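Trainee: I would like to see how this sequence folds:
(2 chains)
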There are 2 protein chains.
Amino acid sequence: MSRVYNFSAGPATLPEPVLQQAAEEMLDWRGTGMSVMEMSHRGKAFVSIAEQAEADLRELLQVPDNYRVLFLQGGATAQFSAVPLNLLGDAGSVDYVNTGSWSKKAIAEARKYTAVNVVAEGGSGDPMSIPPQSEWQRDPDAAYLHYCANETITGVEFPEIPHSGDVPLVSDMSSTFLSRPLDVSRFGVIYAGAQKNFGPAGLTVVIVRDDLLGRASETVPAIWDYRRQAESDSMLNTPATYSWYIAGLVFQWLKREGGLRAMAERNKRKADKLYAAIDGSSLYRNPVDPAARSWMNVPFVLADDQLDGTFLSEAADAGLQTLKGHRSVGGMRASIYNAMPESGVDALIDFMADFERRHG
Amino acid sequence: MSRVYNFSAGPATLPEPVLQQAAEEMLDWRGTGMSVMEMSHRGKAFVSIAEQAEADLRELLQVPDNYRVLFLQGGATAQFSAVPLNLLGDAGSVDYVNTGSWSKKAIAEARKYTAVNVVAEGGSGDPMSIPPQSEWQRDPDAAYLHYCANETITGVEFPEIPHSGDVPLVSDMSSTFLSRPLDVSRFGVIYAGAQKNFGPAGLTVVIVRDDLLGRASETVPAIWDYRRQAESDSMLNTPATYSWYIAGLVFQWLKREGGLRAMAERNKRKADKLYAAIDGSSLYRNPVDPAARSWMNVPFVLADDQLDGTFLSEAADAGLQTLKGHRSVGGMRASIYNAMPESGVDALIDFMADFERRHG
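Mentor: Next comes the predicted model:
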């Protein structure tokens, strides 16, 4: 067996110890004689797995007691609908920041249910940037203010949490969740699909402040009713049990690795050296304002896009996989989530330098 | 490692060869150097897995060409909302048969979106039965007729497919899907959560007839829009890739085992002998009309419910797990899906006889 460095934007690389443990426990979880996949979600064994995962996540993120942590299905895209259906209440509109493709998708879903006020447009231009908050056209009566903390496709990331005053702040954190410590108390709702930074596709964590439960529209589908899911410990219906278990193994791995502070140091170091290699080259270029560069998704273009195919095939031969940029923007993208070891970033940088020497 | 016989109603036992293969491939799927869990859903490797799974399912069920097969998230409970949101169109109401708990949940969700006409009430009384179709009060203008093919909690199963004339027939088949051959052409929509009979929780198969695409309400959440999901090969957003892969392994196992005709023979034999053991005893009783008895979920009560705890703990000691009935009805329930070997049913019958000798 030869593992590659997998730079996929999601589903994405997972820590090898997590996969090893999952393989070892596949047919018999700790003497139960069954796979986690086969366990009743209501049984003692799985409930212990679920509770441990939540406790570890709360510890990692220092989630305050007045927040509920939900383990749901449907990905961030489901939350694009669930957020307005749960939070709109009697308000007449919602505020969204648009910084790229995922912002746009969230906005399109919200428009099915209410008027959307786009407070700022960013993530376009060259370099791509995020408009300063002083320029945002916010509505103080909005039901909430929504932003995408990290645009996975373009690698545009908010360097700081926006200020929302009394308006609940909602964030799609899918591709940056658990990349560093986070002040959860600044938020009304945080949601994140697992398949970027903490597990398999099919699981979404939603962290919601207590006082926002119970505002749901009467037409909210039952499985997306935050209050009902909170009251039933995310088991209003059968949850994605195996994905929940894998996420729990990732949380344990994160704790063993030193938690989110250690992750932040490592992630910053990985990103800094990759951006430095790009900026120091005459072949590669990253099109994002340095103030808004993502730690997790690093897109870059080649000065001669005729070389794209050669770059990708030589990279693959060198064990550097899934570097192709999203089809909507082209070029390359290296996603360097928590589970991408520093050695993988080093190998990529070495390959890029060598490629430039030969083709630049 | 000692595997038990796991009679859980879902998540439920899976074929051991499937789990073995999943464990072996966990860190490196066929030389790709990555786990299926880590693969981009848009990459060649995963697309080949997804397409093979769909092809195998189509072959197993002989799905006609004018049906689309979707691999979605959210379980049957999500479909309780998705079905009316997709199929209501200009109709003013929908028809539902109520045969138990899952029917009731589907009805409650549909009522959020339209008027629901309950055409028949069954699944209550002693024995529980399904009212003959001649007595159903159907509306010829209903958008569709919905029924739950097998009520997992009470073990009430339709012995035949109802006739719906020109009204599209919709069925929640979660706990009976793939238990036997099925004439798909009789249906408008079939849906089934994977966690009963073909995979891990978090995956739902929806089979929808072509002409029913494109009727969705404007407020349908994007991920539940059958047309959009069909157009994007169930990848409008990131699907539950690993669960899709495991389901594919189960489909391959089913083909190796002889397909659905072989499954039907085996399942009927397993169910017949378990019901015979129950009917022939003076300690156990199944409360379902023999004409409506489930092949998959066999509930039974003990003449003296003071013995329930002893029964369950002795059964667990004998390697017969998760036999407790659903909390809403009590008693026992043996779920004997495709992956429960005949030897497991034999072991249960032997244990029940021995228990009756000692405690009856």
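Trainee: Helices along chain A, start to end?
Mentor: A:16-24, A:44-61, A:75-87, A:101-110, A:194-197, A:226-231, A:241-256, A:259-279, A:308-317, A:342-359 (DSSP state H).
Trainee: Near chain B, which residues of the stretch 101-250 of chain A are found?
Mentor: The stretch 101-250 of chain A comes close to chain B at residues A:105, A:108-109, A:112-113, A:193, A:195, A:200-203, A:218-219, A:221-223, A:236-243, A:246, as judged by C-beta under 8 Å from any C-beta of the partner chain. Placement of C-beta: from N, CA and C, glycine included.
Trainee: Show the buried residues in those residues.
Mentor: A:105, A:109, A:112-113, A:193, A:195, A:200-203, A:221-223, A:236-243, A:246 (16 or more other C-beta atoms under 10 Å in any protein chain shown).
Trainee: How many residues are close by the nearest residue to residue A:58 once chain neighbours are set aside?
Mentor: Distance criterion C-beta to C-beta, 6 or more residues apart in numbering or on different chains; nearest residue to residue A:58, sequence neighbours excluded, is residue A:69 at 6.4 Å. Neighbourhood size, residue A:69 [other C-beta atoms under 10 Å in any protein chain shown]: 20.
Trainee: again with residue A:135
Mentor: 9.
Trainee: likewise residue A:27?
Mentor: Neighbourhood size, residue A:27 [other C-beta under 10 Å]: 20.
Trainee: Can you get me a residue count around the nearest residue to it once chain neighbours are set aside?
Mentor: Excluding the flanking residues, the one nearest residue A:27 by C-beta to C-beta, 6+ apart is residue B:19, at 5.1 Å. The number of residues packed near residue B:19 is 22, by other C-beta under 10 Å.
Trainee: what sits up against stretch A:18-35?
Mentor: With contacts defined as C-beta atoms under 8 Å, 6 or more residues apart in numbering or on different chains, stretch A:18-35 is touched by A:36-37, A:39, A:45, A:245-246, A:249-250, A:253, A:339, B:1-4, B:6, B:13-14, B:16, B:19-20, B:22-24, B:26-27, B:35, B:37, B:319, B:321.
Trainee: Please pick the buried ones from those residues.
Mentor: Buried, going by 16+ other C-beta under 10 Å: A:36-37, A:39, A:45, A:245-246, A:249-250, A:253, A:339, B:3-4, B:6, B:13-14, B:19, B:22-23, B:26-27, B:35, B:37, B:321, out of the contacts of stretch A:18-35.
Trainee: tell me the contacts of residue A:100?
Mentor: A:122, A:123, A:128, A:148, A:151, A:153, A:154, A:156.
Trainee: again, only using 10 Å
Mentor: A:122-124, A:128, A:130, A:148, A:150-156, A:328-329 (C-beta atoms under 10 Å, 6 or more residues apart in numbering or on different chains).
Trainee: closest to residue A:184 among those?
Mentor: residue A:150 (16.4 Å; C-beta to C-beta).
Trainee: Quickly list what that closest one is bridged to.
Mentor: Residues in a beta bridge with residue A:150, per DSSP bridges, are residue A:157.
Trainee: Enumerate every residue touching the closest residue to residue A:217 other than its chain neighbours.
Mentor: Leaving aside its chain neighbours, residue A:217 sits nearest to residue A:85 (5.0 Å; criterion: C-beta to C-beta, 6+ apart). Applying C-beta under 10 Å, 6+ apart to residue A:85 gives the contacts A:79, A:109-110, A:112-114, A:215-221, A:224-226, B:219, B:221.
Trainee: repeat for residue A:279
Mentor: So residue A:279 contacts A:285, A:286, A:290, A:300 (C-beta under 10 Å, 6+ apart).
Trainee: what bits of chain A have low per-residue confidence?
Mentor: Scanning chain A for pLDDT under 70 picks out A:1.
Trainee: again, only this time at 80
Mentor: Along chain A, the parts satisfying pLDDT under 80 run over A:1, A:360.
Trainee: Walk me through the domains of it.
Mentor: Split into domains by automatic domain parsing, chain A comes to A:16-256, A:259-359.
Trainee: Of those domains, which is nearest residue B:92?
Mentor: domain A:16-256 (16.9 Å).
Trainee: First-to-last residue distance for the closest one?
Mentor: Start-to-end span of domain A:16-256 (C-alpha to C-alpha, to the nearest Å) is 13 Å.
Trainee: what's the answer for stretch A:191-200, then?
Mentor: Start-to-end, stretch A:191-200 (C-alpha to C-alpha) is 15 Å.
Trainee: about what we covered before: any idea which of the helices of chain A is most buried?
Mentor: Highest mean neighbour count among the helices of chain A (mean count of other C-beta atoms under 10 Å in any protein chain shown): helix A:194-197, with a mean of 29.
Trainee: Tell me which other helices or strands it touches.
Mentor: helix A:75-87, strand A:204-209, helix A:241-256 (3 or more C-beta pairs under 10 Å, 6 or more residues apart in numbering or on different chains; DSSP states H and E).
Trainee: Now do that helix: distance to the chain's middle.
Mentor: 6 Å (C-alpha atoms, centre = their mean, to the nearest Å).
Trainee: Output that helix as CSV, restricted to C-alpha atoms.
Mentor: The C-alpha coordinates for helix A:194-197 follow below in CSV (Å, rounded to 0.1, in the frame of the first residue of the first chain):
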residue,chain,number,x,y,z
ALA,A,194,-17.7,17.3,7.6
GLN,A,195,-16.1,16.3,4.3
LYS,A,196,-13.5,19.1,4.3
ASN,A,197,-11.9,19.1,7.6
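Trainee: Flag every residue of the stretch 251-360 of chain A that's near chain B.
Mentor: Contact residues, the stretch 251-360 of chain A versus chain B (C-beta under 10 Å from any C-beta of the partner chain): A:319, A:321, A:322, A:324, A:326, A:327, A:335, A:339.
Trainee: wait, isn't the last one in contact with residue B:38?
Mentor: Which is residue A:339. Yes: counting by C-beta atoms under 10 Å, residue A:339 does reach residue B:38; the two are 8.6 Å apart.
Trainee: Common neighbours of the two, please.
Mentor: Joint contacts of residue A:339 and residue B:38 (C-beta under 10 Å, 6+ apart) are A:6, A:12, A:13, A:14, A:19.
Trainee: Switch the residues you listed over to TSV; also include distance to residue A:174.
Mentor: Conversion of the shared contacts of residue A:339 and residue B:38 to TSV gives the following (distance: C-beta to C-beta, whole Å):
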residue	distance to residue A:174
A:6	18
A:12	11
A:13	16
A:14	16
A:19	21
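Trainee: Pull the most distant pair out of the residues you listed.
Mentor: A:12 and A:19 (12.6 Å).
Trainee: My guess is residue A:192 contacts residue A:149. True?
Mentor: Yes: between residue A:192 and residue A:149 there is a contact at 9.0 Å, judged by C-beta under 10 Å.
Trainee: who touches the residue in the stretch 251-360 of chain A that chain B sits nearest to in this structure?
Mentor: Here the stretch 251-360 of chain A gets closest to chain B at one residue, residue A:322, 5.5 Å apart by C-beta to the nearest C-beta. With contacts defined as C-beta under 10 Å, 6+ apart, residue A:322 is in contact with A:4-9, A:11-13, A:312, A:315-316, A:333-335, B:34, B:38-40, B:42-43, B:45.
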